[in-house]
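Student: Predicted structure and sequence below. I'll ask about it afterward.
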Amino acid sequence: MQRASNTLNEFIERFTHPRTSDKWFLVKGRFTYEGRVEHIWVADLVFDGKVFLGVLANEPKLPGFDFPIGVDRFGITHRVFAFRLL
């Protein structure tokens, strides 16, 4: 989680200025519900400068999610981008 936090600015730079080979960007957020914690991947991202908004990329075990789902900078536990080889 610390590495994700340390490299988040690099991820945001790449997200806002993607390379032609970049295909997907996802973040994993920390969500809580009634004291329980789950880390969930969020895809189809939009970034407003503070919060990543998107849709769930895996099936959550916790109930009560609204769409789109938001993850702020401090709730991100992992981030990834995928690219295709040309």
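Tutor: Cool, the structure landed.

Student: can you pull the contacts of the nearest residue to residue 15 once chain neighbours are set aside?
Tutor: Leaving aside its chain neighbours, residue 15 sits nearest to residue 25 (5.1 Å; criterion: Cβ to Cβ, 6 or more residues apart in numbering). Any C-beta I mention is one placed from the backbone N, CA and C, and that applies to glycine too. By Cβ atoms under 8 Å, 6 or more residues apart in numbering, the contact set of residue 25 is 11, 14-15, 18, 43, 45, 79-82.

Student: in the protein, which spans are helices?
Tutor: Ranges of helices in the chain, per DSSP state H, are 2-6, 8-16.

Student: Could you list which residues are in contact with the residue nearest the centre of the chain?
Tutor: Computing the C-alpha centroid of the chain and ranking residues by Cα atoms, centre = their mean puts residue 27 first, at 1.8 Å. Residues near residue 27 by Cβ under 8 Å, 6+ apart: 11, 41-42, 45, 52, 54, 71, 76, 78-79.

Student: All set, thanks.
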